[in-house]
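Sharing a model that was predicted from the sequence below.
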Amino acid sequence: MPNKQSIQTLIIVIATMLYTNGISHAEGLPPLTHKLTKINKSIMAPALRLKNMDGEIVDIKDLQGKVVVVNFWATWCPPCRREMGSLERLRLATKDENVVILAVNIGEDIDTVFPFMGTVDPSPSFTVLFDPDADSMKRWNVNGLPTTYIIKPDGTVAYSAVGGREFDHPDIQQKTINLGR
Amino acid sequence: MKKVMIAAAISFYSLSCFADISQTPQVNPVTGAATWAINEHGVNFSLTQILPQQAQAFYVNRGFTLKQIESYASSCVYMAVLRNDNAPGTIHFIRKNWSVLVDGKSLHLLSVDDWLQRLTETNIKKSALIAFRWAQFPSEQKYEPGGDWNQGMLSVGLPAGSVFNLIARWDIDGKPYETKLQEVYCAK
C-alpha cells in the first residue's frame, strides 16, 4: 500500500511531465523574431560585476572597447532556454570579432546551471555570470526574462530585446558585428 | 450632421479600442490545456491554464514545499503571453489596471508584491522567492513593435471551476486600449 508521501511524489513526477509537455507546446507559440530595438538616446550601460562559473569576478567596466551582449536568463524560463542555443551560435559567428557575450543567470547556482548547460545544443561556451540575489535586474531595468542588451564599445547601450530572440539570425549577427567595426 | 459625425467618431473609437470578439479556446491535444487568445491591433495576448499540480511541480522544483505553494497553485494560475507583433507603437501596461469579471463583479488581480508578501510569511528560502518573483507575468512592462514579448504566470485569485472574463488594459504610444478574454474557464 503506497503511503501519502509516495503518492505525492508520483503526482509531482506526473505533473512535471505534463508541465514539460505544456512548455514544449508553448515553445511552438509564439515564434521568436530577430528584431532588436535601437536605443537612440545615449545611455551608459549600468554597473555589472558578478562571478562567473569559475568563481572569478567579471566587471563590464573592464570590457570597454568591446561589443558586449548582456542576456538575463534563468533555467526555468522557457523562452530563455529556447534562445540559449542561438546565443551560442551568435558567439561562434562572432568569435573572430570584438564581441563578448555575458549570460546573467538570475537567482540560481552552479549546481543548477551547469547540468542545464549540458542540455543546450550547441553547448554554451560564452561567459555565464551569477546574480543570486537578482540585484542587477532593477539597475538594468529588466521587468521580465529573458531580456537582452547589446552594448557598444564606448559603453553605451545600442539595442534591447525583451523576450526570446533568434540570436543566430543574420540580421542580429551583422548588427552586432557592425557595432565593433 | 455634426452630432452624427461625433457619434460615428465615438463608435469608431470604441470599436477600435475595445475588443469584444467571440473567442473559442484552443485545446492542446497532448496536454489538454486550453488557450484563450486574441490578436488585434498587431498585439497578441493569450492565457493558458497551468493546472494546480503543474504549478506545484514547478515551484517544488524551485525549492517550495507543497504546503507553501498550495494557496498560489490553487488560485487559477495561467501562463500569460503578451507580444507586440506589429502594433503602431510601443505597448505599455501596468498590471494593476487589469481586472477580472466574475458573476457580474469586477475584481482586481492580486499583484506580484501581494503574493510575495503572503509567501514571505511562510519562511521560504530566498532563491525560491526570486524564482517565484521572476516567473510571474511582469507587473509593468513596455514592448516595442517587431516581437518584444513576455510569458509569465498570472494568478486570477479565483477558486477552481470559475468562469470569468479577463479585462486587460494597455496603451499604444499613449492611446488607451482595452481587450477582453471571455468565458475563461479555470479547470480543477
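Structure received.

can you give me the helices in chain B?
Per DSSP state H, chain B carries helices over the ranges B:2-17, B:52-60, B:66-73, B:112-120, B:126-135.

same thing with chain A?
A:4-27, A:78-93, A:110-117, A:136-139, A:170-179.

Lowest average pLDDT across these?
By mean pLDDT, the lowest-scoring of the helices of chain A turns out to be helix A:4-27, with a mean of 44.

hmm, back to that, quickly, which of the helices of chain B bottoms out on average pLDDT?
helix B:2-17 (a mean of 42).

ok, now which ones touch the residue nearest the centre of chain B?
In chain B, the residue lying closest to the centroid (Cα atoms, centre = their mean) is residue B:80, at 4.9 Å. Residues counted as contacts of residue B:80 (Cβ atoms under 8 Å, 6 or more residues apart in numbering or on different chains) are B:45-47, B:137, B:151-154. (Glycine included, C-beta is placed from N, CA and C.)

How about residue B:130?
By Cβ under 8 Å, 6+ apart, the contact set of residue B:130 is A:106-107, A:132-134.

likewise residue A:76?
Shown in contact with residue A:76 (Cβ under 8 Å, 6+ apart): B:58, B:61-62, B:131, B:135.

What separation is there between it and residue A:58?
23 Å (Cβ to Cβ, to the nearest Å).

Out of the contacts of residue B:80, which end up buried?
B:45-47, B:137, B:151-154 (16 or more other Cβ atoms under 10 Å in any protein chain shown).

Chain A next: which of those are close?
B:46, B:137, B:151-152 (Cβ under 8 Å from any Cβ of the partner chain).

could you redo the residues you listed as JSON lines and give each row pLDDT?
Listed next are these as JSON lines, based on pLDDT from 0 to 100:
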{"residue": "B:46", "pLDDT": "96"}
{"residue": "B:137", "pLDDT": "98"}
{"residue": "B:151", "pLDDT": "96"}
{"residue": "B:152", "pLDDT": "97"}
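
if I pick residue B:162, what's in contact with it?
Here residue B:162 is in contact with B:76, B:102, B:156, B:185-186 (criterion: Cβ under 8 Å, 6+ apart).

What's the per-residue pLDDT of the residue lying closest to residue A:171 once chain neighbours are set aside here?
Spatial nearest neighbour of residue A:171, chain neighbours left out: residue A:34 (5.0 Å); criterion: Cβ to Cβ, 6 or more residues apart in numbering or on different chains. Looking at residue A:34, its pLDDT is 95.

shouldn't residue A:34 be in contact with residue A:174?
No - with contact defined as Cβ atoms under 8 Å, residue A:34 does not reach residue A:174; the gap is 10.4 Å.

any shared contact partners between the two?
Counting by Cβ under 8 Å, 6+ apart, nothing touches both residue A:34 and residue A:174.

In terms of neighbours, single out the busier of those two.
residue A:34 (18 against 11; other Cβ atoms under 10 Å in any protein chain shown).

residue contacts, that one?
By Cβ under 8 Å, 6+ apart, residue A:34 lies in contact with A:165-167, A:169, A:171-172, B:147.

Going by neighbour count, which of those residues comes out on top?
residue A:167 (27 neighbours).

So, low pLDDT: which residues of chain B?
B:1-23 (pLDDT under 70).

mind redoing it with 80?
B:1-24 (pLDDT under 80).

all strands of it, in order?
Assigned by DSSP state E, the strands in chain B fall at B:18-19, B:26-27, B:34-40, B:43-50, B:77-84, B:91-94, B:99-102, B:105-108, B:140-143, B:148-155, B:163-172, B:175-185.

Give me the buried entries from the contacts of residue B:130.
A:106-107, A:134.

which of those are close to chain B?
Counting by Cβ under 8 Å from any Cβ, the members of the buried ones among the contacts of residue B:130 near chain B are A:106-107, A:134.

Identify, from these, the entry nearest to chain B.
residue A:107 (3.4 Å; Cβ to the nearest Cβ).

Quickly note the distance from the closest one to residue B:120.
15 Å.

where's residue A:110 relative to residue B:140, distance?
32 Å.

Looking only at neighbour counts, state which of these two leads.
residue A:110 (16 against 12).

circling back to that earlier point, Serialize the contacts of residue B:130 to TSV and add fields for distance to residue A:52 and pLDDT.
Formatted as TSV, the contacts of residue B:130 follow (distance: Cβ to Cβ, whole Å; pLDDT from 0 to 100):
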residue	distance to residue A:52	pLDDT
A:106	15	98
A:107	16	97
A:132	13	97
A:133	16	97
A:134	17	98
